[in-house]
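**Student:** Any chance you can model this:
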Amino acid sequence: MDVQIDLRVAELLASRLCHDLVGPIGAVNNGLELIEDEDPGMLEEALKLTASSAQQAANTLQFFRLAYGMAGGRVGGDLSELRDLVIRYLGSGKISLDWSVRTDPAGAPEGLGKLVLNMIALAAEGLPKGGGLHVVVDPASGGLAVSVTAAGPGAKLREEAAPALRPDVPVGDLTPRNVQGYFTRVLARRAGADLAVDTAQPDRLVFSVTLPT
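**Tutor:** Numbers count the residues shown, from 1 in each chain. Next up is the predicted model:
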């Protein structure tokens, strides 16, 4: 990538992050406005709204700090610390998490944690009606097999996301709505592999990669 491409991708990732933060931060603002109304009957509801929305915003920032930022590159083979982070990011709503991760920290490729987080974010986009994410990281012959499966009603690769996963996609065609796929594939290729997408089964979407160790 040249400097111009890096800058555009950074801008799109920032737009994606801001989009995810608009909802919870807006809800915090609404809660504060209700508190300012000084209606005793609304105070408890306003405090709950403000607290839960502020926590959601914090969870989102913590997740993408590792998924997009320099800190994520320092997460090695011990991925146990990421499980709770992912659970908080997904929240207590429509998407559940099944975590099956077995790695050797000493032999894991650099940036493994960052790649896993981005695969999770990409897979979660494919669950518009909710469902479950199954994360598997397991030693394979000559490498490390990583897969994230999204399963649920209507689970599928979004139409606008598909072009960003092609190897020849022009960076100018990327948008905040599909840059996640592009960035995830870049991380996989940087680790010496490539991202595979399986959409053969209805209501099921699988992202996988086999990393050399």
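
**Student:** Tell me, how many residues neighbour the spatially closest residue to G91 that is not a sequence neighbour?
**Tutor:** Among residues not flanking G91 along the chain, Q56 sits closest, at 6.4 Å (Cβ to Cβ, 6 or more residues apart in numbering). C-beta: built from backbone N, CA, C; applies to glycine. Counted by other Cβ atoms under 10 Å, the residues lying close to Q56 total 21.

**Student:** 41 is where my numbering starts, stick with that
**Tutor:** In the new numbering, first residue 41, that becomes Q96.

**Student:** doesn't Q96 fall inside a helix?
**Tutor:** Yes: with DSSP: H, G, I helix; E, B strand; the rest coil as the criterion, Q96 is part of a helix.

**Student:** how far away is it from G66?
**Tutor:** Distance, Q96 to G66, using Cβ to Cβ, to the nearest Å: 11 Å.

**Student:** Enumerate every residue touching the residue nearest to G131.
**Tutor:** Contact partners of Q96, counting by Cβ atoms under 8 Å, 6 or more residues apart in numbering, are 63-64, 67, 131.

**Student:** got TSV for the residues you listed, with distance to A86, neighbour count and secondary structure too?
**Tutor:** Putting the contacts of Q96 into TSV (distance: Cβ to Cβ, whole Å; neighbours: other Cβ atoms under 10 Å; DSSP: H, G, I helix; E, B strand; the rest coil) gives the following:
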residue	distance to A86	neighbour count	secondary structure
G63	17	13	helix
P64	15	20	helix
A67	11	17	helix
G131	20	14	coil
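
**Student:** Run the chain-centre distance for stretch 93-108.
**Tutor:** 10 Å (Cα atoms, centre = their mean, to the nearest Å).

**Student:** Show me what counts as buried in that stretch.
**Tutor:** 93, 96-97, 99-100, 103-104, 106-108 (16 or more other Cβ atoms under 10 Å).

**Student:** Equivalent analysis for stretch 58-74, please.
**Tutor:** Using 16+ other Cβ under 10 Å as the burial criterion, the residues of stretch 58-74 that qualify are 60, 64-65, 67-68, 71, 74.

**Student:** And for stretch 173-193?
**Tutor:** By neighbour count on 16+ other Cβ under 10 Å, the buried set for stretch 173-193 is 173-177, 183-184, 186-192.

**Student:** Helix or strand with the lowest mean pLDDT in this protein?
**Tutor:** For the chain, using mean pLDDT, DSSP states H and E, the weakest element among its helices and strands is helix 43-76, scoring a mean of 81.
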